[in-house]
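J.: Quick one, what's the 3D model for this:
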Amino acid sequence: MSQIEPEPELPRTPTIDARGAPPRVHAAAHGDVQEAPSGARAPAAATSGWFGLPRTYWVLWGGMLINRLGGSVFFLLSIYLTRERHLSTEMAGLVMCLYAAGGVFAGPLGGVLADHFGRRPTLLLGTGCAGTLMLALGFARSNVTIVALAPFLGFFTDICRPPLQAAVADVVAPERRVRAFGLFYWALNLGFGGASALGGTLAEHSFGLLFVIDALTTFAYGAIVFFGVPETRPAGAPRRRLAAASTAWLEPFRDRRFRRFVAIMFLMLIAFVQVIAALPLDMRAHGLGTRQLGFLLGLNGVFIVIAQPIALRFFGRASQQRWLVFGAALCGLGLGANGLASGPGMYIVATALWTLGEIGFSTAAPTLVAAMSPVERRGVYQGSYQLAWGLSTMIAPVIGTATLAHFGSAALWIGCLAACWLAALLHLRSAGDRDSRAT
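T.: Residues are numbered from 1 along each chain as shown. Below you'll find the model as predicted:
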């Protein structure tokens, strides 16, 4: 990390004062969402670590990096199911759909648990169960067992995301969150790049070993949280009775700004998730082997590792809404370019384009959600935003595999291009609406 030069400081946003008064944010100057006011008192954000980010943040950062280094199974899951377990392409899509279906429920529930019981116990629950279920899936030989395990594995894997993102918002001051979420996503993709390259090589010898490595790194992340991460939930945040907390996941959708934001992201993510669901199958149909496939998918992580710090440095002052527009438009261009690919060269160009788009929306989205959410509801807002990811990851494999099977590669990638560009236009309109209201 010491080799990355920190970008210029972003304009400072006053944090919540000692009396719990809401901050005053000059949203009109930057086009971003105003931090939602709350009567709950946020913990003081330490700024003494690298890049002005606290120790707890870096422990979470390092633990997630280790976990992601072992997480190549899901990105090769469609190949595993069709080659090793001899499932049809449509059946493989169904298993991935069920995996994602578990994640749909995990987002809101994980957010509620993070706000009610705390970030730390929710992370420990998720890592412990996900590691165990990953081992079970790796040793499963019955198709019925594989189908039954998939939604539970998806649930406990994705239940970790809301408490993790809420913890970052807890310990990082608002003016440093763009940097924090950007570097966090950088770490995830550094791990993903290594996992994809290693996974493609290991899969040539033993797919089972990938499941074991994934489980062990998940357990390791849980151990890091247990020994190195204190509870970050704001001390002044009120707890509801559990019966009332069970319906708390609906509250963010009463917020019109948040509801519109999630709907636009859902449209774009239906297209973006095809890089996981359909792109490996399309690459294999064009004659690429598993090792080449792992290398090409790993380039996404490599490109993010190289480009994201540069983007944070030079575009950190831009409106987050503009980041979303930029990200959706470039993502669509890259996905559409897959339709022109007949070999590795064009796939590399396409990956570079949709990766630049991914950098834009992946950095902006959690920052905007944190700004929209009240302090005591950070977990449930992040979890409710995860619905866009969960629903798209559930639906996209079915759409992608069916389109490949019945209409071909060109139709799929043209559809992805159209969906992303429509999302970019809707984000641009949202930014214009906000600017006009601000004036």
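
J.: From here on, just use CA atoms for contacts and neighbour counts.
T.: Will do.

J.: tally of neighbours for residue 79?
T.: When neighbours are counted by other C-alpha atoms under 10 Å, residue 79 registers 22.

J.: pretty sure residue 420 is in contact with residue 266, am I right?
T.: No - here residue 420 lies out of contact with residue 266, judged by C-alpha atoms under 8 Å, at a distance of 10.2 Å.

J.: wait, what's in contact with the residue nearest to residue 341 when sequence neighbours are not counted?
T.: With sequence-adjacent residues excluded and distances taken as C-alpha to C-alpha, 6 or more residues apart in numbering, residue 341 is closest to residue 347, at 5.8 Å. Residue 347 makes contact with 296, 337, 338, 341 under the criterion C-alpha atoms under 8 Å, 6 or more residues apart in numbering.

J.: And the pLDDT for the first one?
T.: You'll see residue 296 listed with a pLDDT of 81.

J.: what about residue 231, which SS state?
T.: Following DSSP: H, G, I helix; E, B strand; the rest coil, we place residue 231 in the coil state.

J.: For the closest residue to it other than its chain neighbours, pull up the helix or strand it's in.
T.: Using C-alpha to C-alpha, 6+ apart and skipping residues adjacent in sequence, the residue nearest residue 231 is residue 120, 5.5 Å away. Using DSSP states H and E, residue 120 maps to helix 119-139.

J.: helices or strands next to the next helix or strand after that helix in the packing?
T.: Downstream of helix 119-139, the first helix or strand assigned by DSSP H and E is helix 143-158. For helix 143-158, the contact count by 3 or more C-alpha pairs under 8 Å, 6 or more residues apart in numbering; DSSP states H and E identifies helix 89-116, helix 119-139 as packing neighbours.

J.: tell me which strands and helices the first one is in contact with?
T.: In this case it means helix 89-116. helix 77-83, helix 119-139, helix 143-158, helix 161-171, helix 242-245, helix 378-406.

J.: any idea of the mean pLDDT in that helix?
T.: So the average pLDDT for helix 89-116 ends up being 82.

J.: on that earlier part again, of all the helices and strands packed on helix 89-116, which one comes closest to residue 280?
T.: Of all the helices and strands packed on helix 89-116, helix 77-83 sits nearest to residue 280, with 7.6 Å by C-alpha to C-alpha.

J.: May I have the residues that are in contact with the residue lying closest to residue 283 once chain neighbours are set aside?
T.: Counting by C-alpha to C-alpha, 6+ apart, residue 293 is the residue found nearest to residue 283 once chain neighbours are left out, at 6.9 Å. Contact analysis of residue 293 by C-alpha under 8 Å, 6+ apart lists 200, 280, 283, 284.

J.: The one helix or strand residue 293 maps to: which residues count as buried?
T.: Taking DSSP H and E as the criterion, residue 293 maps to helix 290-315. By neighbour count on 16 or more other C-alpha atoms under 10 Å, the buried set for helix 290-315 is 290-305, 307-313.

J.: From the chain's centre, how far out is that helix? Work that out for me.
T.: Mean C-alpha position of helix 290-315 versus that of the full chain (C-alpha atoms, centre = their mean, to the nearest Å) differs by 15 Å.
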